[in-house]
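[1] Using only what follows, build the 3D model:
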Amino acid sequence: MYRTQPSSLEAVVSKMTMIYWRGEKFWLGKLKEHPEIMTQGRTLKELETNLRDAYRMMILEDVPQDHREKAIAV
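    Here you go, the predicted model:
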């Protein structure tokens, strides 16, 4: 049986390292594990949210909108 969304028990949280610094107007940052992902935010909290969003967009870049998800053991 396929589900479009995993249950909370199936959800996996990946922890990554945020590298960040203060620019002239914004906080800038990237993910240490994915240095190609870089963004900015007015606050550190906004920067962290933007990095999460950028990561999710990257991993789902070529996935169609009507995709399905299924948890598997690896």
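[2] all strands for this structure, in order.
    For the chain, the strands defined by DSSP state E occupy 18-22, 27-31, 34-41.
[3] Please work out which of the ones you listed is packed deepest.
    Ranked by mean neighbour count, those are led by strand 27-31 with a mean of 19 (mean count of other CB atoms under 10 Å). C-beta coordinates here come from the backbone N, C-alpha and C atoms, glycine included.
[4] My guess is M58 contacts H34. True?
    Yes: using CB atoms under 8 Å, M58 is in contact with H34, at 7.1 Å.
[5] Which residue, other than its chain neighbours, is closest to T39?
    N50 (4.2 Å; CB to CB, 6 or more residues apart in numbering).
[6] pretty sure the one you found is touching R42, no?
    No: using CB under 8 Å, N50 makes no contact with R42, being 9.9 Å away.
[7] between these two, who's got more neighbours?
    N50 (19 against 11; other CB atoms under 10 Å).
[8] List the residues that contact the more buried one.
    T39, Q40, G41 (CB atoms under 8 Å, 6 or more residues apart in numbering).
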